[in-house]
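> generate coordinates for the sequence data below:
(one chain, ligands or ions: 1)
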Amino acid sequence: MTSPLMELRDIKKHFTKKADFAGKIAQRFGAATGDETVFAVDGVNLTIAKGEVLGLVGESGCGKSTLGRIVAGIHQATSGDVSYGGLDLSDLTKSEQARVTLEIQMIFQDPFSSLNPRMRVEQIVGEAPLVHGLCTAQEQSDYVDQVLTQVGLDPMLKRRYPHQFSGGQRQRIGIARALAVKPKFLVCDESIAALDVSIQAQVINLFMELRDRLDLTYLFISHDLSVVQHISDRIAIMYLGRIVEVAPTEELFAAPNHPYTQALLSEVPRIDQRNREFGAIKGEIPSPLDPPSGCHFHPRCPFAQPICSEQSPPTREISKDWKSVCHFSQNMGIVA
Ligand code: SF4
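Residues are numbered from 1 along each chain as shown. Predicted coordinates:
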């Protein structure tokens, strides 16, 4: 892998959940109910190379969106370091901060709620480039036309409001708004999850085209492995705040190492395994308020041994660019 554009070192993000009204009353009567800590991200190390697409996959509540927001600069990490282009994000000058804020853009899941319903598309797409001096007021209209064309939207529609577009078109407007400030790194958080399957394929193709045309780098977050398979060079699997496996996409799909990855993959319908029964992962993801000891996955893991609840597993290198976090990773590698 070439030198990383984005590097995360031991990132933790903890939220404090204050005691509710009942909890405060209970405290007054001497009950030991205090504030609770949500361990949303719990020691993540990741690198993303320039021009790479890294898929980040996990069940709802695993912390992947929180991690995406840390990468996009929307959340501050509780501890750990984030560096972008060799710069430590917590230690930027004002001008570096302004540049990095434009270079890293986020595309959200629900295009409708992330677009201002009172603004026309030309304002939604054209506002930021004008404010940041990427175009003048005279150039703004042509600039918006160019960006809309880039995402496959007819510039003639730019005076319409978001509600006058379909779901797929609205997501294209969201992508156009991000592209309008000439980003280099896109964080796509479940960006196609709300779309119909046929539209999902179109938007994935658009992301791929834009990557080639504009030399973009992506962190592509999804709960659906089959979606990220088509777009990602590598995939990182997240479980309860931790990355449990990261591998090149082909290797991960051919022979997943971590039991959680194996379980996720067994739930993906595959045309070459039409007669296979689906194997749902047993149980539900535990609460990040009280994560299990040792390996967080042990209450649900079919291979769990006593050591799994006692000690956190080490990160082992399976091969180049492939890491798995399991006490028995050397014995795993079952083809799904
Ligand atoms: Fe399963 Fe143990 Fe490996 Fe965790 S460390 S994934 S519980 S075998």
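
> now Ala304: how far from Leu46?
Ala304 is 26 Å from Leu46, where distance means C-beta to C-beta, to the nearest Å. All C-beta atoms are positioned from the backbone trio N, CA, C, and that covers glycine.

> could you find the closest non-adjacent residue to the closest residue to the ligand within the stretch 51-200 of the chain?
Here the stretch 51-200 of the chain gets closest to the ligand at one residue, Gly58, 14.0 Å apart by C-beta to the nearest ligand atom. Counting by C-beta to C-beta, 6 or more residues apart in numbering, Met238 is the residue found nearest to Gly58 once chain neighbours are left out, at 3.7 Å.

> list the contacts for that neighbour?
Counting by C-beta atoms under 8 Å, 6 or more residues apart in numbering, Met238 makes contact with 44, 56-58, 62-64, 67, 244.

> that older thread, could you check how many residues crowd around the residue of the stretch 51-200 of the chain closest to the ligand?
26 (other C-beta atoms under 10 Å).

> I'd say it and Gly241 touch.
No: shown here, Gly58 and Gly241 do not form a contact pair, counting by C-beta atoms under 8 Å, at 9.5 Å.

> which residues of the stretch 151-300 of the chain score low on pLDDT?
268-280 (pLDDT under 70).

> run through the bridge partners of Leu54.
On the basis of DSSP bridges, Leu54 is bridged to Leu219, Arg234.

> residues in contact with it?
46, 48, 218-220, 232-236.

> sort out for me which of the contacts of Met238 are in strands.
Cross-referencing the contacts of Met238 against strands under DSSP state E gives 44, 56-57, 244.

> quick one: which of those has the most company?
Leu56 (30 neighbours).

> so where does the residue lying closest to that residue once chain neighbours are set aside fall, helix or strand?
Spatial nearest neighbour of Leu56, excluding adjacent residues (C-beta to C-beta, 6+ apart): Ile221 at 4.7 Å. Using DSSP states H and E, Ile221 sits in strand 217-222.

> what helices and strands are in contact with that strand?
With contacts defined as 3 or more C-beta pairs under 8 Å, 6 or more residues apart in numbering; DSSP states H and E, strand 217-222 has these neighbours: strand 4-17, strand 36-49, strand 53-57, helix 64-71, strand 185-189, helix 197-214.

> for the fifth one, packing partners?
The elements that strand 185-189 packs onto, with contact taken as 3+ C-beta pairs under 8 Å, 6+ apart, are helix 64-71, strand 104-107, strand 217-222.

> need these in a markdown table with distance to Leu210, can you?
Putting the helices and strands packed on strand 185-189 into a markdown table (distance: least, C-beta to C-beta, whole Å) gives the following:
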| stretch | distance to Leu210 |
| --- | --- |
| helix 64-71 | 18 |
| strand 104-107 | 11 |
| strand 217-222 | 9 |
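
> tell me if Thr149 really is in a strand.
No: note on Thr149: no strand contains this position according to DSSP: H, G, I helix; E, B strand; the rest coil, which reports helix.

> measure it to Ile107 for me?
In terms of C-beta to C-beta, Thr149 sits 18 Å off from Ile107.

> who has more neighbours, those two?
Ile107 (26 against 12).

> which residues touch that one?
171, 174-175, 178, 186-189, 191.

> for Leu219, see how far away it is.
10 Å.

> now do the shared contacts for those two.
In contact with both Ile107 and Leu219: 186-188, using C-beta under 8 Å, 6+ apart.
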